[in-house]
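Student: below are the sequence and a predicted model; questions follow.
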There are 2 protein chains.
Amino acid sequence: MKNYFSSSFKLGVLGGGQLGRMLLSETKKLDIYTAILDPNEAAPCAKICNEFHCGDLLDYDTVYQFGKQVDLLTIEIENVNIDALDALAAEGLPIYPKPENLRIIQSKADQKSFYEKNDIPTAPFKRFDTLQALQTAVENAEVTLPFVWKAARFGYDGNGVKIIRQASDLNNLTPDACIAENLVPFKNELAVIVARNASGALTTYPVVEMEFHPEANQVEYVICPARIDTKVAEKARNIALQVANAFDFVGLLAVEMFQTENDEILVNEVAPRTHNSGHYSIEASYTSQFEQHLRSILDLPLGKTDSKLAGIMVNLVGAEGHSGDVYYENLESILEIDGVSPHIYGKKHTKPFRKMGHVTIVHEDVNEARKIAQEVKETIKVISK
Amino acid sequence: MKNYFSSSFKLGVLGGGQLGRMLLSETKKLDIYTAILDPNEAAPCAKICNEFHCGDLLDYDTVYQFGKQVDLLTIEIENVNIDALDALAAEGLPIYPKPENLRIIQSKADQKSFYEKNDIPTAPFKRFDTLQALQTAVENAEVTLPFVWKAARFGYDGNGVKIIRQASDLNNLTPDACIAENLVPFKNELAVIVARNASGALTTYPVVEMEFHPEANQVEYVICPARIDTKVAEKARNIALQVANAFDFVGLLAVEMFQTENDEILVNEVAPRTHNSGHYSIEASYTSQFEQHLRSILDLPLGKTDSKLAGIMVNLVGAEGHSGDVYYENLESILEIDGVSPHIYGKKHTKPFRKMGHVTIVHEDVNEARKIAQEVKETIKVISK
């Protein structure tokens, strides 16, 4: 085994947001020297990593030069320059997840084609090179309303996704490549995190339920375990494994899925990294997703993914009508409740719907945990003052 | 409530060792700006706190000037300049634990007198201003062999404590103030961590068992819950509360106790801070001792101290015969075992018996956890190569 701990080994991470920040908790626990590249001087990781580099993650030279200074490279955001990763990989730098996986996953259109090609169930879709081409297809009734428009690239947290009920809903969307996906009625949105190390060891976390904010299209609650039939859960876990195997993936892969009204599982999209749907694992699981990510990319044995307790995550997003220096109103009130752990991401400024932190609730009973989560959600407010 | 989170509030910590390092995990989770003072430029906290100050913790001016720059002051080591703390407190700086508590606790002799005065059960003892005075008392048979010699000040990890079986065992000990304590036969060494916030909320963690290395007099295993009769555990918790109340303590107080052969509980000594006996809480408890320390000194509601699972901590100390750059041999082997979490403190150099890290084992069954802990202990080696 390479000596990663208290040694000269240097781990490089592309991206220094909250996911990187939570990863740093684990690199510190194991004393793994960590360098971070992020375009934002005030990124959540900037002041607390061993080495911070400020630069554009989509710029070839910046990513390449950063990669030359580290012993192994990983990501906390998938929108990075893949050509630079290809060049680094060709020169022998270990990069996990693999650049070829990232290239496919960066594009929602290529992702969908990948699922189709690998017999992975997903909602029917059509690809378009431009918004204009989609608009023409709608005019010609080659695409039937309603449907879901998704930008092929650079979507996040509900940006880049829109339900199209009439042709005019397409106005003002980005003009670039996109897909039109059938609007599939579903009962639940589910997610499964898969981890696989370079030696091929493979493990899945339990299936979680994601409850969305109806307006912002952001996850409001993540519930582990999902309150679904065990057969459906088993099916979801198997499909997540199928996706990871199809990619020959190394690292952590979050597979988001729909449970349809007749209990089919359709893959929605994947994230090739630690994921909001796995934050509950810090308090609730034997092994947190961040530790598991490290274990997978460093080819260490994977940790146990079972839960110690039921876990629910509540996202803390900026309240509407508030922009400016952040204040966490009633934070002390939620600390009065047993099993409640707030995580503050260190962003100084709030704005409506900005992800500012999350709160984990653990309890022996998932339904009790869900009630407490509601109370937490209704109590704490992310405001400016 | 003061706004501690993502704000201009500055927490100061005297000491930047591994306890400070684990505390920083929690200040980061809550985004509390943290400044650290430590004499060692390469202290485990040096590179990962918001602000690192290098300086002598026993120097009046250094501690006073550091205190002037922070909004609230706490410690991770009790050997600090108390006169400076008194001056800062007189000027209105909140300091927890309180300087008057630290002054008593810094001296094992004053601690013992404090227990005696407050009717807290402790082993009988005599105080001596110098080693010479003790030697004279032994010669005059005013102190009966065998007994336990303890330096009044600056002992740690078994340094400053010695069983005296014959007068010559006193040779080469430090010449300063000391106590001679009766050698009480005991079944178990126990510890209870108490937390109390400024508003007076009070809570105790479960009683833990400490198993010591027979030679180095260092804790090898901490076992939670202690495998003792519930009535004895109840008695130990109550005595720990009695100690915290006698001090009118604010912060975290670790109370170390002996369980005698007839199930009496005798207080051995206290540590006014997070403690090795509470490291298991990071993985095993609803609230880790480090988070609880923050909650108590910031006068936030205290967290639930129950365990999610049984937890055992194994200290990782430098192997005998090895001094130099550290290598954690077989670390990957222990990662293969479910429920095993290593913590590496970030010290680059190992030497025999130096505390380099710890490993936590969680399991539903404490006896199974104890078996795994043994396996961990026998597998991983802290060596140089």
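Tutor: Arrived safely.

Student: hey, let's count contacts and neighbours off CA atoms from now on
Tutor: Noted.

Student: list the contacts of the strand or helix carrying residue A:67.
Tutor: Using DSSP states H and E, residue A:67 sits in helix A:60-68. Residues outside helix A:60-68 that contact it (CA atoms under 8 Å, 6 or more residues apart in numbering or on different chains): A:12, A:37, A:53, A:55-57, A:73, A:80-81, A:83-85, A:87-88, A:93.

Student: just the buried residues of it, please?
Tutor: A:60, A:62, A:63, A:64, A:66, A:67 (16 or more other CA atoms under 10 Å in any protein chain shown).

Student: and those residues as TSV, adding distance to residue A:124?
Tutor: Compiled in TSV, those are given as follows (distance: CA to CA, whole Å):
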residue	distance to residue A:124
A:60	35
A:62	38
A:63	36
A:64	37
A:66	40
A:67	38
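
Student: check what pLDDT residue A:2 gets.
Tutor: Looking at residue A:2, its pLDDT is 77.

Student: also the one 10 residues further on?
Tutor: If you check residue A:12, the pLDDT there is 98.

Student: the helix or strand harbouring it - which strands sit beside it in the sheet, and in what orientation?
Tutor: Counting by DSSP H and E, the element that carries residue A:12 is strand A:10-14. According to DSSP bridges, strand A:10-14 has the following sheet partners: strand A:33-38 (parallel), strand A:72-75 (parallel).

Student: burial measure for the residue lying closest to residue A:153 once chain neighbours are set aside, as a count.
Tutor: Computed as CA to CA, 6 or more residues apart in numbering or on different chains, the closest residue to residue A:153 that is not its neighbour in sequence is residue A:107, at 5.0 Å. Residues near residue A:107, counting by other CA atoms under 10 Å in any protein chain shown, number 19.

Student: longest single helix anywhere in chain A?
Tutor: Criterion DSSP state H: the longest helix present in chain A is helix A:230-247.

Student: circling back: dump the strands paired with strand A:10-14 to JSON lines, plus mean pLDDT and mean neighbour count.
Tutor: Below are the strands paired with strand A:10-14 laid out as JSON lines (pLDDT from 0 to 100; neighbours: other CA atoms under 10 Å in any protein chain shown):
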{"stretch": "strand A:33-38", "mean pLDDT": "98", "mean neighbour count": "24"}
{"stretch": "strand A:72-75", "mean pLDDT": "98", "mean neighbour count": "24"}
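
Student: got those as TSV, with distance to residue B:113 columns?
Tutor: Below are the strands paired with strand A:10-14 laid out as TSV (distance: least, CA to CA, whole Å):
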stretch	distance to residue B:113
strand A:33-38	47
strand A:72-75	57
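
Student: isn't residue A:300 right next to residue B:335, touching?
Tutor: Yes. In this structure, residue A:300 is within contact of residue B:335 by CA atoms under 8 Å, at 7.4 Å.

Student: quick one, what contacts the residue positioned nearest the centre of chain A?
Tutor: Centroid-nearest residue in chain A, with CA atoms, centre = their mean: residue A:275, separated by 3.2 Å. By CA under 8 Å, 6+ apart, residue A:275 lies in contact with A:19, A:254.

Student: over to residue A:365?
Tutor: Contact analysis of residue A:365 by CA under 8 Å, 6+ apart lists A:309, A:310.

Student: that one and chain B, how far apart?
Tutor: 13 Å (CA to the nearest CA, to the nearest Å).

Student: do you know the pLDDT at that residue?
Tutor: Looking at residue A:365, its pLDDT is 98.

Student: quick check: residues of the stretch 201-350 of chain A near chain B?
Tutor: Neighbours of chain B within the stretch 201-350 of chain A, by CA under 8 Å from any CA of the partner chain: A:286-287, A:300-304, A:308-309, A:326-328, A:332, A:335-339, A:342-348.

Student: just the residues you listed: which are in helices?
Tutor: Residues of these located in helices (DSSP H): residue A:332.

Student: got a quick ChimeraX command for the buried subset of the residues of the stretch 201-350 of chain A next to chain B?
Tutor: In ChimeraX syntax, the buried subset of these is picked out as below (16+ other CA under 10 Å):
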select /A:286,287,300,301,302,303,304,308,309,326,327,328,332,335,337,338,339,342,343,344,345,346,347,348
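
Student: quick one: residue A:273 and residue A:289, what's the gap?
Tutor: Using CA to CA, to the nearest Å, residue A:273 is found at 9 Å from residue A:289.

Student: between the two, which one's more packed in?
Tutor: residue A:289 (29 against 24).

Student: ok so, going back, okay, the buried residues of helix A:60-68 in TSV with distance to residue A:161 and pLDDT next?
Tutor: As requested, the buried residues of helix A:60-68 are exported to TSV (distance: CA to CA, whole Å; pLDDT from 0 to 100):
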residue	distance to residue A:161	pLDDT
A:60	28	98
A:62	30	98
A:63	28	98
A:64	31	98
A:66	32	98
A:67	32	98
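
Student: ok, so of the residues you listed, who is nearest chain B?
Tutor: Closest approach to chain B among the buried residues of helix A:60-68 (CA to the nearest CA): residue A:66, at 20.5 Å.

Student: partner strands of the lowest-mean-pLDDT helix or strand in chain A, parallel or antiparallel?
Tutor: For chain A, the helix or strand with the lowest mean confidence is strand A:161-164, at a mean of 92 (criterion: mean pLDDT, DSSP states H and E). Looking at strand A:161-164 with DSSP bridges, its partner strands are strand A:147-151 (antiparallel).

Student: no further queries at this time; thank you.
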